[in-house]
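> next comes the sequence, and after it the predicted model I'd like to discuss.
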Amino acid sequence: MAKDIKDLGWNELIPGAALFSFTEPVEDVAEVPMDERPYAPTNSHEYSVGDWRVEKPVFNRDYCIDCQFCWVFCPDMSILSRDKKMIGVIYDHCKGCGICVEVCPTNPKSLLMFPEHMDNDEALSKWPSKEEKKK
Amino acid sequence: MAKKYELNEVEVWDGNMAAAQALRQAQVDVVAAYPITPSTPIVQNYSQFLADGYVDGDFIMVESEHSAMSGCVAASAAGARAATATSSQGFALMVEVLYQASGMRLPIVLTVVNRALAAPLNVNGDHSDMYLGRDAGWINLCSYNPQEAYDLTLMAFKIGEDLDVRLPVMVHQDGFLCSHTAQNVRPLQDEVATEFVGEYKPVNSMLDVSNPVTHGVQTEEDWHFEHKARQHNDLMNSKKVIKRVFEEFKDLTGREYDFVYKYKMDDADIAIFALGTTVESAQVAADKMREEGIKAGVVSLRVLRPFPFEEVQDAFSNIKAVAVMDRSAPGGTFGALFNEISAAMLAAGKSPIILNYIYGLGGRDTTIEHLVDIYRQLDECAKAGERKYPLQQFIGLRGPKLSFY
Amino acid sequence: MLEIRWHSRAGQGAVTGAKGLADVVANTGKFVQAFAFYGSAKRGAAMTAYNRVDDKPILNHEKFMRPDYVLVIDPGLTYTADITANEKEDTKYIITTHLSKEELINAQPKLKGKEVYVVDCMQISLDTIGRAIPNTPMLGALMKVSGMFDLDYFQNAMKKVLSKFPQKIIDANMAAIERAYNEVK
């Protein structure tokens, strides 16, 4: 197994501090699913920030219109979407900032913040109903 | 495909044209530049060659020297051969990015036409800009005339781009005294020069989309030290490649380069140590001294960085008195070269009399007479076996004699 | 070593003249230097340019010079510039003027007793090139006075130096060189 980058000596680092995304070249990377890409140990994909959260976004498929707003706005690329279909939140990389909830346009929202300790099924059972427009 | 440029066996080129022709023959891919006297003609000539079809490349006009070097950094990281030219205030504005280029290990070539730094504003030559950049982690090559400015610029690409080096290289020449002085230059024909420099070998290129790479990363106390240590190590070890390239160039042209330049040092009792065109003028003065039976020599650095510590020690092995000439305002201490030469002597366990002369600031003429005067002071010290003059003296200066210690 | 100092106004072509001369001389296997003093030189400002010629590589980079020849290509500089600075006993002066040698020396007495030649490079360049660019005629006069090269050789060599210009300009310069060669006294 390769050494952790924290243990590398001065003579083992890549000159110029160039950091590669992958351990080997990947042809047509956009077509390769995330979990099949050979991420390098120095890639931020390998660095979990999930425990920074105090609240988590929970995704509710029932109301989602696959507009991709959350995917576009997420600052940590933590929204998993395939073929323009929303799949869910990557909790390893989500810091719980709530931007995805803020930009979600559906009524009720398809993403809502819940306490970190709450089970997702429980969260889904507490989903609010459609909000009537005020006249 | 670039057109071949008709070259005579002997051309009469000033240092700027010589450097520009070397950039053309190296077929530099990207020149990002901002003009400043006296280096403007280097990039102006390159852009003319480009417009006339004598080079395949791109010329990026930017809004400052900071951007010029930034453009070169980006082009180099993207996998292109990049070069530019600057002087003085432009060099000063570039300094931040000089450290980026060396830290990112990008083999950019910078042709520096040395000029004084303001204030007062002055367009003429001294070594203030060279001294300002000496800790920037670049390889520094020094020329004394247009021929050498041409030769060293060609070699700069081959040295910096070597896979064991991958560091940026500066080639220095004196403002006006070299850059605007036309002299005989024997250029290589295009195909010979281009083959000598060789094809550019991209390393960690950002344009390799199948292997994405991040350049210019942030490292805090966890890795910064290791990266800087590696950079220093590789700069120190670049001497092997520099030596090899000097040898290959000699095989090709017969023109010989070494880390330290020596003139009549085999039997010399006294020596002048200087940089730039003064190295050649000092040889005229040394010959005058020898007509009087005084054994005078001249020593200079061809490679300012990596500093050729051992070669400097060897050069002065039998010397009795040395004048180290610094062409930059010393700013509250001795000239930088004086300090470096003194350290080398001390480490070698030698103690010649070493005097520091500050000279030629802002283009002040350094005459043969000045240099002869220095030799006379050295001769007096050498014969007395003790220092007879202040450690630091200003020469060619109007007003009361200025000296320290 | 042969040393030449040019007195000119910025824009009159002293630098080009000095470099052109260097080009021609370098083709004969000799070593050359051509340089100039630039201040914040604007067009019209007085300036000096220099040539050195030697049989061995020129190592001297001092700006200080004791000239063998002083070439004055602007008539006014004879009076306003220090054209006799650092002269030697046998320094030769070639001066652009519409005056005769006697009239010139009367007008500028410090030239008395010196080896002075006069030629009207201004009028010659206006007549031949159509502009006040007195540098190439001065080279023609220098060839005559110094005997450095004969006229034919020098004209052919200058044709090569000027080869990037249109034929009309080359021809005009050749005529200017020839007139100055014949008219310098």
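It's in. Residues are numbered from 1 along each chain as shown, chains lettered A, B, ... in the order given.
> low-confidence ranges, chain B, go.
Within chain B, no stretch falls below the threshold (pLDDT under 70).
> and it, which residues reach chain A?
B:103-106, B:166, B:204, B:208-215, B:217, B:219, B:222-223, B:225-227, B:229-231, B:233-234 (C-beta under 8 Å from any C-beta of the partner chain). C-beta here means a position set from N, CA and C on the backbone, and glycine is covered the same way.
> burial of B:His127, as a residue count?
Applying other C-beta atoms under 10 Å in any protein chain shown, we find 32 other residues in the vicinity of B:His127.
> going along the chain, name the strands of the stretch 101-250 of chain B.
B:109-114, B:139-142, B:169-174, B:182-185, B:213-214 (DSSP state E, counting those that start in this stretch).
> nearest to B:Ala344, out of these?
strand B:139-142 (16.6 Å; C-beta to C-beta).
> thought A:Leu112 was touching A:Asn60, still the case?
Yes - shown here, A:Asn60 and A:Leu112 form a contact pair, counting by C-beta atoms under 8 Å, at 7.4 Å.
> need the residues touching each of those two.
A:Trp127 (C-beta atoms under 8 Å, 6 or more residues apart in numbering or on different chains).
> need the buried ones from the residues of chain B next to chain A selected in PyMOL.
In PyMOL syntax, the buried subset of the residues of chain B next to chain A is picked out as below (16 or more other C-beta atoms under 10 Å in any protein chain shown):
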select buried, chain B and resi 103+104+105+106+166+204+211+212+213+214+215+217+223+226+227+230+231+234
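> ok, the nearest residue to A:Lys6 once chain neighbours are set aside to A:Leu13 distance?
Using C-beta to C-beta, 6 or more residues apart in numbering or on different chains and skipping residues adjacent in sequence, the residue nearest A:Lys6 is B:Asp222, 6.9 Å away. Distance from B:Asp222 to A:Leu13, counting by C-beta to C-beta, to the nearest Å: 11 Å.
> what of C:Lys112?
78 Å.
> ok, those two, which is more surrounded?
In this view C:Lys112 and A:Leu13 are compared by other C-beta under 10 Å, and A:Leu13 has more residues nearby, 17 against 9.
> ok, now which ones touch that one?
A:Leu13 neighbours (C-beta under 8 Å, 6+ apart): B:Trp223, B:Glu226, B:His227, B:Arg230.
> among these, which lie within helices?
Judged by DSSP state H, the subset of the contacts of A:Leu13 located in helices is B:Glu226, B:His227, B:Arg230.
> list the residues that contact the last one.
Applying C-beta under 8 Å, 6+ apart to B:Arg230 gives the contacts A:Trp10, A:Asn11, A:Leu13, A:Pro15.
> selection in PyMOL covering whichever of the residues you listed are buried, please.
Listed next is the PyMOL selection for buried residues among the contacts of B:Arg230, using 16+ other C-beta under 10 Å:
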select buried, chain A and resi 13+15
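> would you list the contacts of B:Arg230 in a markdown table and tack on pLDDT?
Shown next, in a markdown table, are the contacts of B:Arg230 (pLDDT from 0 to 100):
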| residue | pLDDT |
| --- | --- |
| A:Trp10 | 93 |
| A:Asn11 | 93 |
| A:Leu13 | 88 |
| A:Pro15 | 92 |
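> chain A: strands as residue ranges?
Ranges of strands within chain A are A:19-20, A:55-59, A:79-82, A:85-89, A:111-115, based on DSSP state E.
> in chain A, what residue is nearest chain B?
A:Gly16 (3.2 Å; C-beta to the nearest C-beta).
> wait, doesn't that residue sit right on B:Ser102?
No - if you go by C-beta under 8 Å, A:Gly16 and B:Ser102 don't touch, sitting 9.0 Å apart.
> which neighbours do those two share?
Contacts common to A:Gly16 and B:Ser102, judged by C-beta under 8 Å, 6+ apart, are absent.
> so who does the residue of the stretch 251-400 of chain B found nearest chain A touch?
For the stretch 251-400 of chain B and chain A, the shortest gap (C-beta to the nearest C-beta) falls at B:Pro306, measuring 16.0 Å. Contacts for B:Pro306 (C-beta under 8 Å, 6+ apart) come out as B:Ile139, B:Leu235, B:Met236, B:Ser238, B:Lys239, B:Ile242.
> distance check, it against B:Ala348.
Taken as C-beta to C-beta, the span from B:Pro306 to B:Ala348 is 18 Å.
> and chain C, which of its residues are near chain B?
C:18-19, C:22-23, C:26-27, C:31-36, C:38, C:40, C:57-64.
> how about chain A?
A:5-6, A:8-11, A:13-22, A:24-29.
> and if we set it to 6 Å?
Residues of chain A found near chain B (C-beta under 6 Å from any C-beta of the partner chain) are A:Trp10, A:Leu13, A:Pro15, A:Gly16, A:Ala17, A:Ala18, A:Leu19, A:Phe20, A:Ser21, A:Pro25, A:Val26, A:Glu27.
> touching, the third one and B:Arg105? I think so.
Think A:Pro15. Yes - counting by C-beta atoms under 6 Å, B:Arg105 is a contact partner of A:Pro15 at 4.5 Å.
> tell me the secondary structure at B:Lys4.
coil (DSSP: H, G, I helix; E, B strand; the rest coil).
> burial measure for the closest residue to it other than its chain neighbours, as a count.
Spatial nearest neighbour of B:Lys4, excluding adjacent residues (C-beta to C-beta, 6+ apart): B:Asp190 at 5.1 Å. By other C-beta under 10 Å, the residues close to B:Asp190 number 19.
> kindly report the same for C:Glu102.
Other residues within reach of C:Glu102, judged by other C-beta under 10 Å, total 10.
> buried set for the helix or strand where it lies?
Element membership for C:Glu102, per DSSP states H and E: helix C:101-107. Neighbour counts using 16+ other C-beta under 10 Å place C:Leu104, C:Ile105 of helix C:101-107 among the buried residues.
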